[in-house]
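Asks: predicted model follows, preceded by the sequence.
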Amino acid sequence: MRIILHSDCNSFYASVEAAEDPRLADKPVAVCGDPSLRHGIILAKSTQAKKCGVRTGEAIWQARQKCPGLLLISADQRKYLLYSRKMREIYRRYTRLVEPFGLDESWLDVSGHALSGEEIAARIRSSAREELGITVSIGISYNKVFAKLGSDLRKPDATTVITRENYREKIWPLPADELLFIGSATKNRLAALGLYTIGDVARASADLLQETLGKNGLMLRRFARGEDDAPVLCAEEADEIKSIGNSTTTPHDLKNEEAAKAVLYLLSDSVAARLRAHHFACGTVSVWMRDSELNTLNRQCRLSDASDSGTDIAKAALRLLRENYPWDLPLRSLGVCGCDLRSTQEDVQLPLWIAPRKRKERALDEALDAIRARWGHNAIRRGLMLCDRATSELNPVDDHALQPLGAMRGRG
Amino acid sequence: MAQKIYVKVALEADETGLITPLSLVFRGIRIPIDRVLERRQAHAVKTGGQGMRYTVRIGSRQAYLFQDDAQRWFVEELDHVR
């Protein structure tokens, strides 16, 4: 039987800050983005801040109202990457099969190890404490889904074992949306069927779930019954680039297509530059839209020819926005992602005739890359950017104002 | 909270790359390190931060000497060494 661990760093960002500065220990601490750039939301909070009701994703002013003594710290991504890398080094002492899920979570497959799962979990927890000064909660089970649920059951600094014998008692009473991949939309559809807990989903008929949710319904039912047999992918496999995307929260809400267009071009140019840097062209473009009430929408389309051109990607992105965004509310954040990647280095069959326009666009993109490599991102910009000063000040390459899409979605 | 004090360190690296700090300079005074008792990755509990921690013997006392990820060396507390 497989032995899978899911390790979750407790309040990761806030814990790292406390590990770096012991004065923060046992105080209500929240890590936030830069308020002046409107990234002023709570990204993570310490246990004490959580007790005051501070929630991830809420605005700084809301958090301050709930917790007047709240200590705010600006997020320092480099620090979190360092601690995340060090945690992975600890995991690799026990197995090569470590699959990261964001910076603060990882699955480990330790089947066949001389030590028991509990013993390995105990050692990982003690290493995290003694070597880095942070705590982790670990779930142990025979599949990834239950291991992840287990790591959520007791925290901080605890181990929970979910076995074939106890999962009905420990997992089934949990609300359905605790299950991986159940968001608010799916939760509501399940509730409409009278399915509120994971146990309800597990006991529901396969036909009913397939009828309502399609293939996903069957997948969720399998998850709920502990029939998930997905392997733990080692980091090298998981890290294989499958898509390249960027997203940003703009300095002010975008009220119309014209304003959104500038941002889409900015994002598309940066995605295209990264595609070219990795020698990829994308066959599919997806756009991620979040309105001022934080509802998100994701739409994608195929390109007629795979492309690494900022103009091609931006045109597709703009079309997706135009066809799918109703403008009932202004937009707060936008993301553009190129997926279905193909290598541009392999001996691809070249089209017999490249349209002169395409050739010119390619030459232009390459010239932009060269100028920016030498003089910085803002040395040359599209004229479109002059319409909106604040937006054009965003530098998608040099600062990390732009988050990889996966990170945003993971936090949802 | 103890203060993190960055110090200048003289060290020796052997053929395998193993590093041994030989002495450190604290407030202008060179303090010889008599022996390295332990090296391990550790959290600097008193000052915050983490890195490779060398437990060193200086005279009859023990102290922690850290090397952080930027390759800088710091001590957590030197009161008992002075």
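Replies: Structure received.
Asks: what does the closest residue to chain A within chain B show for phi and psi?
Replies: Proximity of chain B to chain A (CB to the nearest CB) peaks at residue B:43, 3.3 Å away. C-beta coordinates here come from the backbone N, C-alpha and C atoms, glycine included. Torsion angles at residue B:43 (phi, psi; degrees, to the nearest 10) stand at phi -80, psi 130.
Asks: partners of it in the sheet?
Replies: Residue B:43 has these beta-bridge partners by DSSP bridges: residue B:50.
Asks: ok, it - contacts?
Replies: By CB atoms under 8 Å, 6 or more residues apart in numbering or on different chains, the residues touching residue B:43 are A:19, A:129, A:130, A:131, A:132, A:133, B:49, B:50.
Asks: how far away is the nearest residue to the second one once chain neighbours are set aside from chain B?
Replies: Spelled out, that is residue A:129. In space, and not counting its chain neighbours, residue A:129 is closest to residue A:135: 6.2 Å by CB to CB, 6 or more residues apart in numbering or on different chains. With distances taken as CB to the nearest CB, to the nearest Å, residue A:135 is found 11 Å from chain B.
Asks: quick one on the thing from earlier: what pLDDT does the residue of chain B closest to chain A get?
Replies: At residue B:43, the pLDDT value in this model is 96.
Asks: same question for residue A:83.
Replies: Note on residue A:83: pLDDT of 96.
Asks: and residue B:82, by the same measure?
Replies: Reading off the model, residue B:82 has pLDDT 45.
Asks: enumerate the positions of the helix or strand where residue A:79 lies that are buried.
Replies: Element membership for residue A:79 (DSSP states H and E) is helix A:77-91. By neighbour count on 16 or more other CB atoms under 10 Å in any protein chain shown, the buried set for helix A:77-91 is A:79, A:80, A:82, A:83, A:84, A:86, A:87, A:88, A:90, A:91.
Asks: show me which of the residues you listed is closest to chain B.
Replies: Looking across the buried residues of helix A:77-91 and measuring by CB to the nearest CB, the closest to chain B is residue A:82, at 6.1 Å.
Asks: how deep is the residue nearest to residue A:129 tucked in, by neighbour count?
Replies: Counted by other CB atoms under 10 Å in any protein chain shown, the residues lying close to residue A:135 total 20.
Asks: would you mind confirming that it is in contact with residue A:125?
Replies: Yes - with contact defined as CB atoms under 8 Å, residue A:135 reaches residue A:125; the gap is 7.0 Å.
Asks: list the residues that contact both of the two?
Replies: If you check residue A:135 and residue A:125 against CB under 8 Å, 6+ apart, the residues they both contact are residue A:157.
Asks: in three-state terms, label the residue nearest the centre of chain B for me.
Replies: Nearest to the geometric centre of chain B sits residue B:65, at 1.7 Å (CA atoms, centre = their mean). The three-state label given to residue B:65 by DSSP: H, G, I helix; E, B strand; the rest coil is strand.
Asks: okay but it is in contact with residue B:24, surely?
Replies: Yes - look at residue B:65 against residue B:24 with CB under 8 Å: they come within range, at 6.6 Å.
Asks: next, show the common contact partners of these two.
Replies: B:7, B:9, B:33, B:73, B:75.
Asks: emit the PyMOL select command for whichever of those are buried.
Replies: Selection of buried members from these for PyMOL, criterion 16+ other CB under 10 Å:
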select buried, chain B and resi 7+9+33+73+75
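Asks: among the shared contacts of residue B:65 and residue B:24, which one sits closest to residue A:268?
Replies: The closest of the shared contacts of residue B:65 and residue B:24 to residue A:268 turns out to be residue B:73 (CB to CB; 46.0 Å).
Asks: which ones are touching that closest one?
Replies: Taking CB under 8 Å, 6+ apart as the test, what residue B:73 contacts is B:6, B:7, B:8, B:9, B:21, B:24, B:65, B:66, B:67.
Asks: which ones are touching the closest residue to the third one other than its chain neighbours?
Replies: The shortest distance from residue B:8 to any residue other than its chain neighbours is 4.2 Å, reached at residue B:25 (CB to CB, 6+ apart). With contacts defined as CB under 8 Å, 6+ apart, residue B:25 is in contact with B:7, B:8, B:9, B:31.
Asks: I figured the third one hits residue B:24, correct?
Replies: Yes - using CB under 8 Å, residue B:9 is in contact with residue B:24, at 4.9 Å.
Asks: what's the overlap in contacts for the two?
Replies: Both residue B:9 and residue B:24 are contacted by B:65, B:73, under the criterion CB under 8 Å, 6+ apart.
Asks: buried set for the helix or strand hosting residue A:366?
Replies: Using DSSP H and E, residue A:366 sits in helix A:356-375. Residues of helix A:356-375 classed as buried: A:358, A:361, A:362, A:365, A:368, A:369, A:372 (neighbour count, 16+ other CB under 10 Å).
Asks: same question, stretch A:265-279
Replies: Buried-residue list, stretch A:265-279, by 16+ other CB under 10 Å: A:265, A:266, A:267, A:268, A:269, A:270, A:271, A:272, A:273, A:274, A:275, A:276.
Asks: beta partners for the residue lying closest to the third one once chain neighbours are set aside?
Replies: Nearest non-adjacent residue to residue A:267, counting by CB to CB, 6+ apart: residue A:336, 4.1 Å away. Counting by DSSP bridges, residue A:336 is bridged to residue A:246, residue A:287.
Asks: pull the number of nearby residues for residue A:336.
Replies: 34.
Asks: quick check, it in contact with residue A:285.
Replies: Yes - Residue A:336 lies in contact with residue A:285 (CB under 8 Å); the separation is 7.0 Å.
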